[in-house]
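# sequence isn't available, so here's the structure alone:
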């Protein structure tokens, strides 16, 4: 019999991308094969994000399209199961089935290790199932080992989930739960297995990844810096990254690691959200703008060439023109290599949603435009500053044009060069020739010695 077909569409963050991959791996072991076409899938999973209002509505729009595909298959005598996973599933639960009756399974981010069982039960009984429990430790304990044979250059590994910060605009504590850290031994084993599959770069993921404190039998817990040092000892792993961080958890040891661990890439995503202390207090961020800037100064002292990235919200309730000018001024002083900026959107159940002083949409739009103009200029300036330099690039796949391959610089910039597919999975020195709006172009440095293709272990 041919395998059943599985289609997964992922919304939102890198952790959702990791979760989708693990769901696919678990279901592949149960006889499913991935397909890019939802219309031919026996099982469709929408792995959802609840951070912003538009993201939620996109999910329901997608469910409308998937429902039509399900009805078409049913008319041809074929069954289709629809599952909604992720943070929208956690936040809305059975409400999803009430609003979209075609949905068969609703599974939260801490319960997707049960997905294979839920699929089997839904197919057998025809009943809608909801699983939105919170025990993160059970999920990681029951996930299967990542399968061998999938050679690739880079991979995500979740090491921490949930958040205890309770920023007033954020749904994460309600959809992902309290902070939970995986055991170091479990993470090291997963990374070692990925290394045998040809992975050369690991990005550690967490909603608040630098709050990581993994339980260890010989010590009370490992902080993130200790985990990174241990992963750096795995010979085949040549690059390490982590995201997303909170300013309150950037300790001295972690900052110093940027200067003394060559495998830790010079890139840090550290959201500050607003430049006004008054707005930061209303957001419950628990830091001031000055404290954030002082922290940036320490990071740059440890690694002067570091590429800094951030998240910024405009139009938070009560934000005045003067408050917004403070945000602009802070961004101008720091000069980010990359930034993600958003208009505030109220999320149901969060404290900020009921605050007075909601900012008109027109003002939010105007402020976002001004901020993004500044941020885009700084990003382009950072990229242009790499022209004429030689950067190490990890090649991850084919480029935009025939004969091109593409990869990432240490600063997470996309880089395109002419080269053979055999270089995918390798790191090479690249002379950067030009910077376009979204990527760099270069040539492989003369004298580069190709080591041969990276083989996945068997």
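In hand now; what should we look at? Being a predicted model, the structure only gives us computed values, none of them experimental.

# please count neighbours and contacts with C-alpha atoms only from this point.
Noted.

# quick check: which ranges of the stretch 151-300 of the chain have low pLDDT?
Low-confidence regions of the stretch 151-300 of the chain, defined by pLDDT under 70, span residues 151.

# can you give me the strands in it?
Chain-ordered strands for the stretch 151-300 of the chain, with DSSP state E, counting those that start in this stretch as the definition, fall at 154-158, 160-161, 180-181, 201-205, 213-216, 219-223, 239-243, 267-269.

# so which of the ones you listed comes closest to residue 6?
Evaluated over the strands of the stretch 151-300 of the chain, closeness to residue 6 peaks at strand 154-158, with 21.1 Å, by CA to CA.

# helices and strands around the closest one, which ones?
Using 3 or more CA pairs under 8 Å, 6 or more residues apart in numbering; DSSP states H and E as the contact test, the elements touching strand 154-158 are helix 14-28, helix 184-196, strand 201-205.

# buried set for it?
In terms of neighbour count (16 or more other CA atoms under 10 Å), strand 154-158 has its buried residues at 154, 156-158.

# angle of that strand against helix 184-196?
160 degrees (axes from the mean of the first three to the mean of the last three CA atoms, to 10 degrees).

# so strand 154-158 versus strand 239-243, what angle?
In this structure, strand 154-158 runs at an angle of 40 degrees to strand 239-243, with the same axes, to 10 degrees as the basis.

# mind listing the strands strand 154-158 pairs with, and their directions?
Next to strand 154-158 in the sheet, as set by DSSP bridges, lie strand 201-205 (parallel).

# distance from the chain centre to the strand it pairs with, please.
Its chain's average C-alpha position is 10 Å from that of strand 201-205, according to CA atoms, centre = their mean, to the nearest Å.

# over to stretch 362-375?
Between the centre of stretch 362-375 and the centre of its chain there are 24 Å (CA atoms, centre = their mean).

# ok, and what's touching that stretch?
Stretch 362-375 is touched from outside by 314-315, 324, 328, 331-332, 335-336, 338-339, 341-344, with contacts defined as CA atoms under 8 Å, 6 or more residues apart in numbering.

# cool, stretch 117-125 as well?
Contacts of stretch 117-125 from elsewhere in the structure, counted by CA under 8 Å, 6+ apart, are 81, 104-105, 128-129.

# for it, which positions count as buried?
118-119, 122.

# returning to that earlier point: just among the contacts of stretch 362-375, which is most surrounded?
Using other CA atoms under 10 Å as the neighbour criterion, residue 315 leads those with 28 neighbours.

# what's that one in contact with, if anything?
Applying CA under 8 Å, 6+ apart as the definition, the contact partners of residue 315 turn out to be 343-344, 358-360, 363-364, 367.

# that older thread, please convert the strands of the stretch 151-300 of the chain to JSON lines, extending it with distance to residue 429.
Formatted as JSON lines, the entries for the strands of the stretch 151-300 of the chain read as follows, by distance: least, CA to CA, whole Å:
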{"stretch": "strand 154-158", "distance to residue 429": "18"}
{"stretch": "strand 160-161", "distance to residue 429": "33"}
{"stretch": "strand 180-181", "distance to residue 429": "36"}
{"stretch": "strand 201-205", "distance to residue 429": "16"}
{"stretch": "strand 213-216", "distance to residue 429": "35"}
{"stretch": "strand 219-223", "distance to residue 429": "33"}
{"stretch": "strand 239-243", "distance to residue 429": "15"}
{"stretch": "strand 267-269", "distance to residue 429": "18"}
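
# quick one: closest of the ones you listed to residue 304.
Closest of the strands of the stretch 151-300 of the chain to residue 304 is strand 267-269, at 11.0 Å (criterion: CA to CA).

# how far away from the center of its chain is the closest one?
Counting by CA atoms, centre = their mean, strand 267-269 comes out at 13 Å from the chain centroid.

# before we move on, what about stretch 343-352?
Relative to its parent chain, stretch 343-352 has a centroid offset of 21 Å by CA atoms, centre = their mean.

# ok so residue 329 is a strand residue?
No - Residue 329: not assigned to a strand; according to DSSP: H, G, I helix; E, B strand; the rest coil it is helix.

# identify the residues contacting it.
The contact partners of residue 329, taken as CA under 8 Å, 6+ apart, are residue 275.

# that older thread, nearest to residue 444, of the buried residues of stretch 117-125?
Taking CA to CA as the measure, residue 119 is the one of those closest to residue 444, at 47.9 Å.

# picking that back up, in helices, which of the buried residues of stretch 117-125 appear?
Residues of those located in helices (DSSP state H): 118-119, 122.

# mind giving me JSON lines with the residues you listed and columns for pLDDT and distance to residue 98?
As requested, these are arranged in JSON lines below (pLDDT from 0 to 100; distance: CA to CA, whole Å):
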{"residue": "118", "pLDDT": "93", "distance to residue 98": "19"}
{"residue": "119", "pLDDT": "93", "distance to residue 98": "19"}
{"residue": "122", "pLDDT": "93", "distance to residue 98": "17"}
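
# in TSV: these, plus distance to residue 351.
Conversion of those to TSV gives the following (distance: CA to CA, whole Å):
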residue	distance to residue 351
118	34
119	36
122	36
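
# average pLDDT for stretch 332-340?
For stretch 332-340, the per-residue pLDDT values average out at 97.

# picking that back up, which of the strands of the stretch 151-300 of the chain is buried the deepest?
A comparison of the strands of the stretch 151-300 of the chain by mean neighbour count, using mean count of other CA atoms under 10 Å, puts strand 160-161 on top with a mean of 26.

# given that one, what are its sheet partners and their directions?
Its sheet considered, strand 160-161 pairs with strand 180-181 (antiparallel) by DSSP bridges.

# show residues contacting the partner strand.
Under CA under 8 Å, 6+ apart, the answer for strand 180-181 is 136-137, 159-162, 212-215.

# and the furthest pair within the residues you listed?
Within the contacts of strand 180-181, 162 and 215 form the most distant pair, 16.1 Å apart (CA to CA).

# my guess is residue 23 meets residue 112, correct?
Yes - with the criterion set as CA atoms under 8 Å, residue 23 and residue 112 qualify as a contacting pair; they are 6.8 Å apart.

# between those two, which one's more packed in?
The neighbour count for residue 23 versus residue 112, taken as other CA under 10 Å, is higher for residue 112 (26 against 22).

# where's that one relative to residue 87, distance?
12 Å (CA to CA, to the nearest Å).

# cool, residue 346 as well?
16 Å.

# neighbour count winner among those two?
In terms of neighbours (other CA under 10 Å), residue 87 is the more surrounded of residue 346 and residue 87; the figures are 28 against 22.

# just the pLDDT for that one.
On the pLDDT scale, residue 87 gets 87.

# from now on call the first residue 39
Shifting the count to begin at 39 puts that one at residue 125.

# can I assume it is in contact with residue 215?
No - using CA under 8 Å, residue 125 is not in contact with residue 215, being 10.5 Å away.
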